[in-house]
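In: please work out how this folds:
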Amino acid sequence: MTVAQPDVTVIIGAYEAMPYLAECLASVEAQTIGPERVEVVAVDDGSTDGTGRCLEEFADRAPMPVTVIRQQNSGGPSGPRNVGLARASGRYVFFLDADDRLGPEALERMVDMADRAGTDVVLGRIEGVNRGAPKSMWGRTLERTDVYSSNIKYTLSAQKLFRRALLERHGMRFDESLWTGEDALFTMEAYLRADGVSVVADYTCYYLVGRTDGKHVTKSGGYTLRFDSARALMDLIAALVPAGPRRDLLMLRPFTITLLPQFGPVFLRDTDEVRARKLELAQPLMERHWTEGVARLLKVEERLRLHLVAERRPELLLGVLRLRTKERPPAVLKRRGRHVYLAYPYYGDREAGIPDSVYLASPREARAVPGYREDGTPAVLRRAVRRVRRLLRASRGVKPGGKAAAA
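Out: Below is the predicted model:
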């Protein structure tokens with residue numbers, strides 16, 4: 001008898017996942033999509049705490065097909081996910097971390113959305129449990145969007161529904177050479193290659209659980225891993241998106257989320273040797289990917305720090321950071337016509353020689369300036385003009401919003 005293809009394969013990579021794994025598996029068992037439409041592929045990545053035994057017990061009782069694979073520890077989540085992906089047969093795959101859990105209707109809602117909209121990736125609303133979770137992309141449900149016209153670039157974790165045909169067509173797998181950021185690389189590539197992305201924002205599909213035991217799937221590592229992650233994501237974007245505004249928009253993510261924190265308050269605590277090494281690691285990234293287009297999209301304080309990184313001026317960067325950590329007033333505002341400049345440290349300092357353009361406020365920052373209008377007309381002048389118009393209308397017998405009285 002021919003077995004019907006499952007709608008979705010849930011891939012679970014598990015390492016030292018007890019006791020969280022029990023609740024994770026219970027959330028899979030409770031799915032409303034129907035067990036005949038689901039298969040589970042679970043990979044125990046060399047656990048010693050009973051994780052493998054828990055998975056096998058689940059396979060014995062679960063109403064859906066469950067494949068358990070036990071292997072030596074690979075050092076991170078990429079290996080188990082790739083092993084699971086190679087065994088998947090569903091039309092879609094969903095990567096579920098062993099310490100997280102699904103909302104009961106998650107798979108049903110996401111599969112229905114993908115089928116209805118014909119999209120290749122579906123994001124289900126994420127909620128944090130004892131930890132933070134991304135928020136900016138859940139404003140409303142979207143049947144079809146893309147990475148340019150929404151905030152989905154700020155959630156690049158692997159906990160999404162992916163059409164398996166998309167992954168197979170492009171030979172997509174997780175990069176096992178990366179110790180951090182491997183999911184960002186995979187998910188960004190899927191966004192860019194997808195025929196549309198959907199967002200389920202009106203139902204919590206995924207609960208991102210913060211562990212209290214200090215154990216995580218990914219082993220900890222030094223700051224150099226962050227630079228590896230930023231490089232991989234920047235190079236991917238550059239390879240798949242032509243130079244221009246769209247590429248600049250996507251580059252915001254690795255610049256602000258991955259690279260910029262390395263040159264924040266932690267930089268003050270770094271040794272001189274580490275500071276020099278960070279600037280050395282950042283240099284090729286800045287040379288290849290730092291453009292005026294990216295700079296214009298940043299807030300002034302972010303742009304200033306990255307400008308100093310690009311120019312390799314650690315002494316000025318430290319000065320900016322010292323003032324930043326003392327929580328002094330953000331800036332003295334300077335206006336030049338319709339432009340607003342924020343006088344952060346070294347603004348107008350000839351010896352520092354930082355171009356004034358670095359301090360040019362973004363439209364959002366400028367709109368926060370009292371009396372600012374994008375046409376540059378001062379508020380006091382606007383009020384005077386309105387008063388003169390009211391007086392002229394009154395002298396002609398015109399009521400507000402009406403026409404002149406008949407002679």
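In: quick one: contacts for the residue sitting nearest the centre point of the chain?
Out: With distances taken as Cα atoms, centre = their mean, Y154 lies nearest the centre of the chain, 1.8 Å away. Residues counted as contacts of Y154 (Cβ atoms under 8 Å, 6 or more residues apart in numbering) are 134, 136-137, 253, 257. Glycine gets a C-beta too; all of them are placed from N, C-alpha and C.
In: if we use 10 Å, what do you get?
Out: 134-137, 252-253, 256-257 (Cβ atoms under 10 Å, 6 or more residues apart in numbering).
In: which pair in those residues spans the largest distance?
Out: Spatial extent of the contacts of Y154 (Cβ to Cβ) is set by the pair K135 and L252 at 16.8 Å.
In: can you check the pLDDT for A343?
Out: Looking at A343, its pLDDT reads 84.
In: the helices in the stretch 51-200 of the chain, which residues?
Out: Listed in chain order, the helices of the stretch 51-200 of the chain (DSSP state H, counting those that start in this stretch) span 51-61, 78-87, 106-117, 164-169, 182-193.
In: same question for the stretch 201-350 of the chain.
Out: 224-240, 245-253, 265-269, 272-289, 292-296, 300-310, 314-325.
In: pull out the buried residues from the second one.
Out: For helix 245-253, the neighbour count (16 or more other Cβ atoms under 10 Å) marks 247-251, 253 as buried.
In: now the angle between helix 300-310 and that helix, please.
Out: 90 degrees (axes from the mean of the first three to the mean of the last three Cα atoms, to 10 degrees).
In: alpha carbons of helix 245-253, as CSV, please.
Out: Below are the C-alpha coordinates for helix 245-253, written out as CSV (Å, rounded to 0.1, in the frame of the first residue of the first chain):
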residue,chain,number,x,y,z
PRO,A,245,19.2,50.3,-2.3
ARG,A,246,17.9,46.7,-1.9
ARG,A,247,21.3,45.3,-0.9
ASP,A,248,21.9,48.3,1.4
LEU,A,249,18.6,47.6,3.2
LEU,A,250,19.5,44.0,3.8
MET,A,251,23.0,44.8,4.9
LEU,A,252,21.5,46.7,7.8
ARG,A,253,20.9,43.4,9.6
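In: contact partners of that helix?
Out: Contact with helix 245-253 is made by 146-149, 153-154, 156, 184, 188, 191-192, 230, 233-234, 236-238, 240-241, 255, 259, 289-298, 302, as judged by Cβ under 10 Å, 6+ apart.
In: still on that earlier bit, give the buried subset of the contacts of Y154 as a PyMOL selection command.
Out: PyMOL command restricting the contacts of Y154 to the buried ones, with burial defined by 16+ other Cβ under 10 Å:
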select buried, resi 134+137+253+256+257
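In: dump the contacts of Y154 into TSV; add distance to L25 and pLDDT as well.
Out: Formatted as TSV, the contacts of Y154 follow (distance: Cβ to Cβ, whole Å; pLDDT from 0 to 100):
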residue	distance to L25	pLDDT
P134	25	91
K135	27	93
S136	31	93
M137	28	94
L252	37	96
R253	33	95
T256	36	96
I257	31	95
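In: show me which of the contacts of Y154 is closest to S198.
Out: Closest approach between these and S198, by Cβ to Cβ: M137, at 11.5 Å.
In: so what's L260 up against?
Out: By Cβ under 10 Å, 6+ apart, the contact list for L260 reads 230, 254, 298, 301-302, 305-306, 309.
In: ugh, wrong one, H289
Out: So H289 contacts 230-231, 233-235, 237-238, 243, 247-248, 251, 254-255, 259 (Cβ under 10 Å, 6+ apart).
In: swap in 8 Å and give it another go.
Out: 234, 238, 251, 255.
In: try F255
Out: So F255 contacts 230, 289-290, 294, 298, 306 (Cβ under 8 Å, 6+ apart).
In: farthest pair in these?
Out: Largest separation among the contacts of F255 by Cβ to Cβ: A230 and L298, giving 15.2 Å.
In: neighbour count for these two, which is higher?
Out: Using other Cβ atoms under 10 Å, the more surrounded residue of A230 and L298 is A230, with 24 against 19.
In: for the more buried one, which non-adjacent residue is spatially closest?
Out: T258 (4.2 Å; Cβ to Cβ, 6 or more residues apart in numbering).
In: how close does the one you found get to R173?
Out: 21 Å (Cβ to Cβ, to the nearest Å).
In: which one's more surrounded, those two?
Out: The neighbour comparison of T258 against R173 (other Cβ under 10 Å) goes to T258, with 22 against 14.
In: tell me the contacts of the more buried one?
Out: Neighbouring residues of T258 by Cβ under 8 Å, 6+ apart: 181, 226, 229-230, 233.
In: which of the residues you listed tops the neighbour count?
Out: Tallying neighbours with other Cβ under 10 Å puts L233 at the head of these, with 26 neighbours.
In: pretty sure it contacts G181?
Out: Yes. Between L233 and G181 a contact is recorded at 6.5 Å, counting by Cβ atoms under 8 Å.
In: so where is the stretch 1-150 of the chain shaky, pLDDT-wise?
Out: 1-3 (pLDDT under 70).
In: which stretches of it form strands?
Out: 8-14, 38-45, 66-71, 92-97, 101-102, 121-129, 142-145 (DSSP state E, counting those that start in this stretch).
In: which one of these lies nearest to L285?
Out: For the strands of the stretch 1-150 of the chain, the distance to L285 is smallest for strand 121-129, at 26.7 Å, taking Cβ to Cβ.
In: buried sites along that closest one?
Out: 121-126.
In: ok, now stretch 232-248?
Out: Neighbour-count burial for stretch 232-248, counted by 16+ other Cβ under 10 Å, picks out 232-234, 236-237, 241, 247-248.
In: could these go into JSON lines alongside pLDDT and distance to P355?
Out: Formatted as JSON lines, those follow (pLDDT from 0 to 100; distance: Cβ to Cβ, whole Å):
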{"residue": "A232", "pLDDT": "97", "distance to P355": "31"}
{"residue": "L233", "pLDDT": "98", "distance to P355": "28"}
{"residue": "M234", "pLDDT": "98", "distance to P355": "24"}
{"residue": "L236", "pLDDT": "98", "distance to P355": "30"}
{"residue": "I237", "pLDDT": "98", "distance to P355": "26"}
{"residue": "V241", "pLDDT": "98", "distance to P355": "27"}
{"residue": "R247", "pLDDT": "98", "distance to P355": "23"}
{"residue": "D248", "pLDDT": "98", "distance to P355": "18"}
